[in-house]
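J.: Provided below for reference: sequence and predicted model.
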Amino acid sequence: MNTTTFLTFVGDQCGKAEEAINFYTSIFPNSEIKSIIKYAEGEAGGTPELIKYGIFSLNGTDYMCSESNYNHSWSFTPGVSIFVSDNSESFIQILFDKLSANGGQIMVPLDDYKGEGDYGFGKKFGWCEDKYGISWQFVVTE
């Protein structure tokens, strides 16, 4: 059995999936776009410029994605996020800065939370949403 995170770009995010996965694979090491299949002309759910089914990996972990121009009543939510941990404080800071920039949103600043407000995850913790609406949590491990 396998489980994989599947990201569906709808609403305002529809049409941005390919840009997003190119961005993600450019900032994470050992990452690649494995496949992109686009909708055929006239195919239900999308148009030829939209991703029907895509697979990419971030540092060896596979993710799947799709876009739909149907009028969905949902989109991405911060309640579901991609959790990134590493023992390099500078690497985590770089990722946090890049993902929260250019229209992203910082929900919890990447900071040392030992003591009062300690989340119990590690040395530093932060949470942001990128410009595509995907939420990311970061922790610097000890």
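T.: Yep, it's here. Numbering: from 1, shown residues only.

J.: need the contact list for the nearest residue to Phe96 once chain neighbours are set aside.
T.: Spatial nearest neighbour of Phe96, chain neighbours left out: Leu110 (4.7 Å); criterion: Cβ to Cβ, 6 or more residues apart in numbering. The C-beta positions use only the backbone N, C-alpha and C, and glycine is treated the same way. The neighbourhood of Leu110, defined by Cβ atoms under 8 Å, 6 or more residues apart in numbering, consists of Ile92, Gln93, Phe96, Lys124, Phe125, Gly126, Phe138.

J.: Check those residues for the minimum pLDDT and say which it is.
T.: Sorting those by pLDDT puts Lys124 at the bottom of the list (88).

J.: For the closest residue to that one other than its chain neighbours, give the beta-bridge partners.
T.: Distances taken as Cβ to Cβ, 6+ apart put Val140 closest to Lys124, at 4.0 Å, once the chain neighbours are dropped. Taking DSSP bridges as the rule, Val140 bridges to Asp86, Lys124.

J.: Do I have it right that Phe83 meets Thr141?
T.: No - taking Cβ atoms under 8 Å as the contact criterion, Phe83 and Thr141 are not neighbours in contact, 11.6 Å apart.

J.: and this protein, what are its domains?
T.: Taking automatic domain parsing as the reference, the chain has its domains at 5-67, 81-140.

J.: how about the helices in the protein?
T.: Counting by DSSP state H, the chain forms helices over residues 17-27, 89-100, given from the N-terminal end onward.

J.: May I see these organised as TSV, with mean neighbour count and distance to Gly79 added?
T.: Rendered in TSV, the data for these read as follows (neighbours: other Cβ atoms under 10 Å; distance: least, Cβ to Cβ, whole Å):
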stretch	mean neighbour count	distance to Gly79
helix 17-27	18	19
helix 89-100	18	18
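
J.: Who are the contact partners of the closest residue to Trp74 other than its chain neighbours?
T.: Closest residue in space to Trp74, ignoring its immediate chain neighbours: Val10 at 7.3 Å, by Cβ to Cβ, 6+ apart. Contacts for Val10 were tallied using Cβ under 8 Å, 6+ apart; they are Glu67, Ser68, Asn69, Tyr70, His72, Trp74, Ser75.
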